[in-house]
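>>> Pasting a predicted model and its sequence here:
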Amino acid sequence: MNDGYIDCLLGDDELNVDYLPINEPYRYQCATTDRSQYVSVQLLGNGVTDCLDGSDELSPSLNWSFFRCEYEIDYACWVFRNTENIKEVQLLFQRHCDSIWDTMDGRDEQNCFKWICPIHMYQCNGTGQCIDQSRLCDGEFDCSNGEDEFKCPNKKTKPHWTIEDKCDDISEHFCITLDYLDDPYSNRPCINISEVGDGIINCIGGRDERNVFACSDHEMLGDRFVCDNKTQCISHRAVCNGVVDCVDKSDEYICNWNRNKSCVPGQFTCKDGSCVEERCQNPKNGCIRENEHLFWCPNLISLANEKYRSSKIRRLSNYASFCNIYESTSNSSTLTLRSNVIPENRASTYNPRLHGYCNRGFYLFTKNGTLSVCFCPPSFYGDRCQFNRRRITVRFRLDRSYPFDIPLLIHILVSLVYNDTTIIQHWLMLNKILHLNMICIYSMRVPNQMDRTQFDSKPMLASIFLQFGNTQ
């Protein structure tokens, strides 16, 4: 019932809103569906959409296809041990503001203006996102406003529709508008770069908002064509193919020269009346005069993988590459910083090579400042404090100002309890407390029950017992 699979002939088992398997283990509740829908956690990120809203593949928190339990200490393994943990799962820090949508509607790529990029990466001036230098002028938007594709010296040497040359590459973006289609002689197919990626669709099909607009599947518009008052996104293959796919017919109207439909459905009609099969797959065998068959085509890599910017989607964890990129071989430690991120009076002592060097804790220099060492809090370890010991931090405060009859002698007992069994205890007696840090070492082997794949056992608890006064 409500598990993502249709078992009844008419699918009634998936439409029973009165049955909510909230207390059943291994169930994931789909995020945004109007009615409650649950699927097995084994279906998360398997490449098949089971939730009606697709949240079993791309959720408001993360992209499940990149969330894998491979080693017992992995964060993903801890999440999958208990269904309640799934509700609290969060996207990894290093996946924010990297121009890749890892959450529904690209929320992880918003509000990046104060982000600090690793050294040797390009920071988008208009959005704050961080992209590799190799992505500049590669023919594909990486910054949400497309600034990485402006002022490119080799742009006009690549095959393209020749009317794009009417736009100023320094200040304008190629854009087919209604005004241009109504009067292409008095209007130019261009908009100002300030209108690109601003959340307002100016171009027919949403080409100016390709990295900002979210389709009904909550994914980036990319190379798709949006129509019907922003309610439908169709493939680039359906644009100007002689078949009306949008109710408003904008997918065919945008090629205004193809009003007579001289070619058979499925073919692209050139301005000279010739017909082209699979126009994007055959860039050299298309329209002769203006290369208009290259209109609305992805780059070759995205075209082959049927996924927008597929070559730039990082797989699995990229923690090491994210952190190690700060280790520049350059001896230069100067970096232009925004005054609202690093105060001017501290900018001179800021070393960009070590920004984010330690995952937790802090670093200090040794060997005359040539080596940096991370000092980790008790719950983390590793040379960069990148591993979690799965410790529990408990903080409590004793207010001795009231009542006044509390004696000075305090007996503190800390017990680690698992399945109603006390595993280990730590105790001490104090007659004065100013500030106390106590690390309780659990040296015993983890119980076998904790290694099981079933999650019906009780969690481990740390209990604290306080006794005041005479302990005899």
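Good, I have the coordinates. Just so it is clear, the model here is predicted, and its values are computed rather than measured.

>>> Would you quantify the distance from Arg188 to Cys175?
Arg188 is 9 Å from Cys175, where distance means Cβ to Cβ, to the nearest Å. (C-beta placed from N, C-alpha, C; glycine too.)

>>> Please identify which of these two sits among more neighbours.
Legend: neighbour count by other Cβ atoms under 10 Å for Arg188 and Cys175, higher for Cys175 (21 against 17).

>>> For this protein, just list every one of the helices.
Per DSSP state H, the chain carries helices over the ranges 75-80, 83-86, 178-182, 250-253, 300-305, 319-324, 344-347.

>>> send the alpha carbons of stretch 272-285 over as PDB?
What follows is stretch 272-285, C-alpha atoms only, in PDB (Å, rounded to 0.1, in the frame of the first residue of the first chain):
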ATOM      1  CA  ASP A 272      16.000  27.600 -48.400                       C
ATOM      2  CA  GLY A 273      13.400  24.900 -48.100                       C
ATOM      3  CA  SER A 274      15.800  21.900 -47.700                       C
ATOM      4  CA  CYS A 275      15.100  19.300 -45.100                       C
ATOM      5  CA  VAL A 276      17.500  18.000 -42.400                       C
ATOM      6  CA  GLU A 277      17.200  14.800 -40.400                       C
ATOM      7  CA  GLU A 278      18.400  14.800 -36.800                       C
ATOM      8  CA  ARG A 279      19.700  18.300 -37.100                       C
ATOM      9  CA  CYS A 280      21.700  18.400 -33.800                       C
ATOM     10  CA  GLN A 281      23.400  15.000 -34.500                       C
ATOM     11  CA  ASN A 282      24.600  16.200 -37.900                       C
ATOM     12  CA  PRO A 283      26.000  19.700 -37.400                       C
ATOM     13  CA  LYS A 284      28.000  19.600 -40.600                       C
ATOM     14  CA  ASN A 285      25.300  18.300 -42.800                       C
END
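
>>> What segments of the stretch 151-300 of the chain are strands?
Assigned by DSSP state E, counting those that start in this stretch, the stretch 151-300 of the chain shows strands spanning 172-174, 190-192, 225-227, 232-234, 268-269, 275-276.

>>> What ranges in the stretch 151-300 of the chain fall below the confidence cut-off?
Applying pLDDT under 70 to the stretch 151-300 of the chain flags the ranges 260-261, 282-283, 300.

>>> sorry, back to before: among the strands of the stretch 151-300 of the chain, which is nearest Arg360?
With Cβ to Cβ as the measure, strand 232-234 is the member of the strands of the stretch 151-300 of the chain nearest Arg360 (41.3 Å).

>>> Okay, now the sheet partners of the closest one, with direction.
When sheet partners are counted by DSSP bridges, strand 232-234 sits next to strand 225-227 (antiparallel).

>>> if we look at the partner strand, which residues are touching it?
Surrounding strand 225-227, the residues in contact under the criterion Cβ atoms under 8 Å, 6 or more residues apart in numbering are 201, 205-206, 213, 215, 232-236, 238-239, 245-248, 250-251, 296.

>>> just the buried members of the residues you listed?
By neighbour count, with 16 or more other Cβ atoms under 10 Å, the contacts of strand 225-227 hold 201, 205-206, 213, 215, 232-234, 236, 238-239, 245-246, 250-251, 296 as buried.

>>> and which of these is nearest to Lys284?
Nearest to Lys284, judged by Cβ to Cβ, of these is Trp296 at 17.4 Å.

>>> Tell me who's in contact with that closest one.
If a contact means Cβ under 8 Å, 6+ apart, then Trp296 has 205, 207, 223, 225, 236, 239-240 as its contacts.

>>> Backbone dihedrals for it, please?
Note on Trp296: backbone dihedrals following degrees, to the nearest 10 are phi 60, psi 50.

>>> Distance of it relative to Pro189?
13 Å.

>>> likewise Leu428?
Leu428 is 77 Å from Pro189, by Cβ to Cβ.

>>> Those two: which is more packed in?
Using other Cβ under 10 Å, the more surrounded residue of Leu428 and Pro189 is Pro189, with 20 against 11.

>>> so how many other residues sit close to the closest residue to that one other than its chain neighbours?
Excluding the flanking residues, the one nearest Pro189 by Cβ to Cβ, 6 or more residues apart in numbering is Tyr180, at 4.9 Å. By other Cβ under 10 Å, 21 other residues sit near Tyr180.

>>> same deal with Thr162?
Neighbour tally, Thr162, other Cβ under 10 Å: 14.

>>> ok, it to Gly266 distance?
Remark: distance between Thr162 and Gly266 (Cβ to Cβ) = 25 Å.

>>> so Gln386 touches Phe380, yeah?
Yes - judged on Cβ atoms under 8 Å, Gln386 makes contact with Phe380 at a distance of 7.5 Å.

>>> For those two, list the residues in contact with both.
Residues touching both Gln386 and Phe380 (Cβ under 8 Å, 6+ apart): Asn359.

>>> show me where pLDDT drops low in the stretch 301-450 of the chain?
By pLDDT under 70, the weakly predicted segments of the stretch 301-450 of the chain are 301-305, 314-356, 367, 369-370, 389-408, 430-450.

>>> let's see it at 80
In the predicted model of the stretch 301-450 of the chain, residues 301-306, 310-311, 313-357, 360, 365-372, 377-381, 386-450 satisfy pLDDT under 80.

>>> got the contact list for Asn187?
If you count contacts by Cβ under 8 Å, 6+ apart, Asn187 has them with 177, 179-180.

>>> Tell me, how many residues neighbour the residue nearest to Trp257 when sequence neighbours are not counted?
Leaving out its chain neighbours, the residue that sits closest to Trp257 by Cβ to Cβ, 6+ apart is Lys271, at 4.9 Å. Residues lying near Lys271 (other Cβ under 10 Å) number 14.
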